[in-house]
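Q: After the sequence you'll find the predicted model.
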Amino acid sequence: MKNVVVGTAGHVDHGKTWLIKALTGTDTDRLTEEKRRGITIELGFTYMENDDLLDIGIIDVPGHEKFIKNMLAGAQGIDIVLLVIAADEGVMPQTIEHFDIIKSLGITKGIPVITKIDTVDDEMLSLVEDDVNTLLLGTFLEDSEIVKVSSKTMDNIDYLKDEILKISKTIENKNTNKKNFRMPIDRVFSIKGFGTVVTGTMIEGSLDAGDDVMLYPSMTKSKVRNIQVHDKDVGSASAGQRTAINLTNLKKKDIARGDVLAKADSLESSMLLDVSITLFKNTKRRLENNDRVHFYVGSREMMAKVVLIGTGEIRAGEKAYAQLRLEEAIALKRKDPFIIRFYSPLETFGGGLILNPVPKKHKRLREESLDAFKLLDSGSEASALLSVIEYGKSIFTELAFLRKLFGEGTDELLKELVNDKKVINFGEYLLSEDKAKKLGDKTTEIFNEYQVNNKMGLGMTSKELNSKISSKLKIDESKNIDSLITLLLNRQVLATYGNLINLPGHKVKVDQDKLDEILKFYEEQQFTISTSKHNKEYISYLEKNGDLIKLGINLYISKTNFDKAIEAFNKLSLKGGVPLGDFRDELNTSRKNALLILDAFDAKNITYNVENLRYLM
Ligand SMILES: Nc1nc2c(ncn2[C@@H]2O[C@H](COP(=O)(O)OP(=O)(O)OP(=O)(O)O)[C@@H](O)[C@H]2O)c(=O)[nH]1
Ligand SMILES: [Mg+2]
């Protein structure tokens, strides 16, 4: 079974809804107001029966200028467009506008249809045909045959049906991997006894009754109670089908047109979007930096501020990069198409593609911002992935996040980037090679600053360095910073000195006389432990050097005296467990001092304590 979505497009009153009725037997204008005014307001849905194992869903859109936003909600996700032009009017403003939208959304299959041929003579018909041919010139419909029909006399309707079937068979099969299930919601209603139902065109993946799903951007969890396709209960549905889904746990008021239903935790929401924008060829408007536009994507509409990257304006027919700053969060995927309209006066004037759905905030005049976009738009997914790792939201990019953006191919692409030495793999996180270099420079800076304040500092422990890097980068990612430190050590950006880290080739400048003086003081103190009044840096130097042993806060003993104390203990322990009193007497010091030393023995695993008797370990 192949799923195909056929949609109409064209000016108001040109016969779109009648054409669908002629093709399917269904009048999709159901609202009383639609009947009364004789125009379509909301999207209409039906399907075309056939003997070819094709599931052909049909979306009928309104042509009236006032309802363009409804048209936009329906147009995204269609495979084949029926571009409808009335024989008695020819190409009109919304014919052009709808067609621009269709082209911009990346729809590449369709049939130009002239309707109402029963109302004109051959001469008029051929004038309109010329008109239509001019419109199609240079577009994906340039070589398409224009099908001329009447929905009143049913002239050529069967022929059109055959043409639709023929093209339907050429539509590529869609990705129906369950993990990718995604459906922008275009209608929400509640049915007594059933609860909340949402409808939409499933654009990716597949869904079974009983599946867990998530509503975005609110990230509310729900479960599928029932699925309908073309008004019939079905156990499952897949991409390319018009689908109605009965949901548990969600009320009608919790859901709005434009929300997206997808697999739990498969999407990320953002209020910033990196995009490319192309203005329609025939617009008279320019898009300037900081302009506010109406932004239409999936079935969603909202206001967006356009921050142009690397240029001040875009003119008709031109393409440029931009970051959209939105008023609400939205969960999109890379390569999703969108449309923009100018808000006053309302005019559809361009469209584009999402390049990064969860970017960082770019500075528009920075060269690296433009670099980020060029990589995203280079045509290679590996380059786009590199762009996200290199210029993305975070220093270390989470693998799980990348998989949401790049789907099934992520791991393969990463392997390629790691092999090409562009990306470093920290397991669940990735770091670009360029960032690693910058972080190396930052770490060197940290040591240079450290050296100013610690003239003799031998270096930092890995833990100290970790917290210094963390506060410098303003991130709390201890594990990743540890991986970074290891990397910098391996690359000899850093070096170890005993258990300390410093820059390679680091030499300590010390005042040896002063050091000797302090050390002499501690030698003479023997086993008398008093609070240190010496220069902290010198003390810490001596400690790191192993000349002094720390016994408590600001309490030190010289290494030689400490070793003597061990010797004394060894002698006493020949007789068995050593009580504190005996040790004190042997050292000829106070009980308090003797205890400090014994505690240090215990801490260093030289001795252990059983019922106040110390034994050698
Ligand atoms: N004679 C004749 N009249 C037609 C034909 N198709 C449509 N009409 C007439 O044109 C009117 C408008 O047709 P619709 O199908 O509602 O037009 P539409 O394009 O759906 O209009 P919107 O949805 O409002 O944009 C209908 O009420 C019919 O009176 C046709 O093939 N022949
Ligand atoms: Mg209509």
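A: Yep, that arrived. Ligands and ions are numbered 1, 2, ... in the order given.
Q: So the residue of the stretch 451-600 of the chain found nearest ligand 2: helix, strand or coil?
A: Distances between the stretch 451-600 of the chain and ligand 2 by Cβ to the ion are smallest at Ile475, namely 54.8 Å. Yep, even glycine has a C-beta here, placed from its N, CA and C like the rest. Following DSSP: H, G, I helix; E, B strand; the rest coil, Ile475 is assigned to coil.
Q: count of residues packed around Phe194?
A: For Phe194, the count of nearby residues is 11 (other Cβ atoms under 10 Å).
Q: Is it in contact with Asn226, as I believe?
A: Yes: applying Cβ atoms under 8 Å, one finds Phe194 in contact with Asn226, separated by 7.4 Å.
Q: what residues are shared contacts of these two?
A: Asn246 (Cβ atoms under 8 Å, 6 or more residues apart in numbering).
Q: buried residues in the helix or strand of the chain with the lowest mean pLDDT?
A: Every helix and strand of the chain was ranked by mean pLDDT, DSSP states H and E. The lowest is helix 536-545, at a mean of 83. By neighbour count on 16 or more other Cβ atoms under 10 Å, the buried set for helix 536-545 is Tyr538, Ile539, Ser540, Tyr541, Leu542, Lys544, Asn545.
Q: Touching, the residue of the stretch 451-600 of the chain closest to ligand 2 and Leu439? I think so.
A: No: taking Cβ under 8 Å as the definition, Ile475 is not a contact partner of Leu439, at 10.8 Å.
Q: Compare the two (neighbour count), which wins?
A: When Ile475 and Leu439 are compared for neighbours, Leu439 comes out ahead with 22 against 14, by other Cβ under 10 Å.
Q: do you know how far the closest residue to that one other than its chain neighbours is from Gly440?
A: Among residues not flanking Leu439 along the chain, Leu484 sits closest, at 5.9 Å (Cβ to Cβ, 6 or more residues apart in numbering). Here Leu484 is placed at a distance of 9 Å from Gly440 (Cβ to Cβ, to the nearest Å).
Q: Which of these two has more residues huddled nearby?
A: Between Leu484 and Gly440, counted using other Cβ under 10 Å, Leu484 has the larger neighbour count: 28 against 16.
Q: Tell me, how many residues neighbour the residue nearest to Lys263 when sequence neighbours are not counted?
A: Excluding the flanking residues, the one nearest Lys263 by Cβ to Cβ, 6+ apart is Phe181, at 5.1 Å. Phe181: 25 surrounding residues under other Cβ under 10 Å.
Q: The one 5 residues further on too?
A: Taking other Cβ under 10 Å as the neighbour definition, Asp186 ends up with a count of 25.
Q: Against Arg591, how distant is the residue of the stretch 401-550 of the chain at minimum distance from ligand 1?
A: Residue of the stretch 401-550 of the chain nearest ligand 1, by Cβ to the nearest ligand atom: Gly407 (36.8 Å). Using Cβ to Cβ, Gly407 is found at 71 Å from Arg591.
Q: Please apply the same query to Lys335.
A: Between Lys335 and Arg591 the distance is 77 Å, computed by Cβ to Cβ.
Q: what's the answer for Asp122, then?
A: Distance from Asp122 to Arg591, by Cβ to Cβ: 121 Å.
Q: So between the two, which is more surrounded?
A: A side-by-side neighbour count of Asp122 and Arg591, using other Cβ under 10 Å, places Arg591 first with 11 against 8.
Q: Let me see the contact set for that one.
A: Leu580, Gly581, Arg584.
Q: The last one: helix or strand, and which one exactly?
A: Which is Arg584. According to DSSP states H and E, Arg584 maps onto helix 580-587.
Q: can you pull the buried residues of the helix or strand that that helix is followed by?
A: Next in sequence after helix 580-587, counting helices and strands by DSSP H and E, comes helix 591-603. Neighbour counts using 16+ other Cβ under 10 Å place Asn593, Ala594, Leu596, Ile597, Leu598, Ala600, Phe601 of helix 591-603 among the buried residues.
Q: quick one: contacts for the third one?
A: Contacts for Leu596 were tallied using Cβ under 8 Å, 6+ apart; they are Ile529, Leu551, Gly552, Leu555.
Q: could you list every residue that touches Phe406?
A: By Cβ under 8 Å, 6+ apart, the contact set of Phe406 is Arg334, Glu381, Ala384, Leu385, Leu413.
Q: ok, and the closest non-adjacent residue to the second one?
A: With Cβ to Cβ, 6+ apart as the measure, Leu413 is the residue that lies nearest to Glu381, at 5.7 Å, once sequence neighbours are left out.
Q: burial count for the one you found?
A: Around Leu413 there are 20 residues (other Cβ under 10 Å).
Q: picking up where we left off before, quick one: which of the contacts of Arg591 is nearest to Asp211?
A: Leu580 (69.9 Å; Cβ to Cβ).
Q: doesn't Asn612 make contact with the closest one?
A: Yes: the criterion here is Cβ under 8 Å, and Leu580 meets it with Asn612 at 6.8 Å.
Q: Same drill for those two, tell me which one is more crowded.
A: Comparing Leu580 with Asn612 by neighbour count (other Cβ under 10 Å), the higher total belongs to Leu580, at 15 against 10.
Q: contacting residues for the more buried one?
A: Counted by Cβ under 8 Å, 6+ apart, Leu580 has contacts Arg591, Ala594, Leu595, Leu598, Asn612, Arg614.
Q: What of Ala565?
A: Ala565 is in contact with Phe527, Ile557, Leu587, Ile597, counting by Cβ under 8 Å, 6+ apart.
Q: Determine the three-state secondary structure at it.
A: helix.
Q: measure it to ligand 1 for me?
A: According to Cβ to the nearest ligand atom, to the nearest Å, Ala565 stands 97 Å off from ligand 1.
Q: Quick check, pLDDT for that residue.
A: Here, the pLDDT recorded for Ala565 equals 96.
Q: tell me the contacts of the residue of the stretch 51-200 of the chain found nearest ligand 1?
A: At 2.6 Å from ligand 1, Gly63 is the closest residue in the stretch 51-200 of the chain, using Cβ to the nearest ligand atom. Gly63 makes contact with Gly10, His11, Val12, Asp13, His14, Lys16, Ile39, Thr40, Met71, Gln94, His98, according to Cβ under 8 Å, 6+ apart.
Q: What sits closest to it if chain neighbours are left out?
A: Using Cβ to Cβ, 6+ apart and skipping the chain neighbours, the partner closest in space to Gly63 is Val12 (3.7 Å).
Q: Might you enumerate the residues of the stretch 1-150 of the chain proximal to ligand 2?
A: Counting by Cβ under 5 Å from the ion, the stretch 1-150 of the chain comes close to ligand 2 at Lys16, Thr17, Thr40.
Q: Which one (most neighbours) among those residues?
A: Counting neighbours by other Cβ under 10 Å, Lys16 leads those with 29 neighbours.
Q: Pull out the buried positions in the host helix or strand of Ser222.
A: Using DSSP H and E, Ser222 sits within strand 220-229. By 16+ other Cβ under 10 Å, the buried positions in strand 220-229 come out as Ser222, Val224, Arg225, Asn226, Ile227, Gln228, Val229.
Q: Strand partners (parallel or antiparallel) of it?
A: With DSSP bridges as the test, strand 220-229 is paired with strand 212-216 (antiparallel), strand 232-234 (antiparallel), strand 242-247 (antiparallel).
Q: could I get those as JSON lines with distance to ligand 1 and mean pLDDT?
A: JSON lines is the format used below for the strands paired with strand 220-229 (distance: least, Cβ to the nearest ligand atom, whole Å; pLDDT from 0 to 100):
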{"stretch": "strand 212-216", "distance to ligand 1": "30", "mean pLDDT": "97"}
{"stretch": "strand 232-234", "distance to ligand 1": "26", "mean pLDDT": "94"}
{"stretch": "strand 242-247", "distance to ligand 1": "18", "mean pLDDT": "95"}
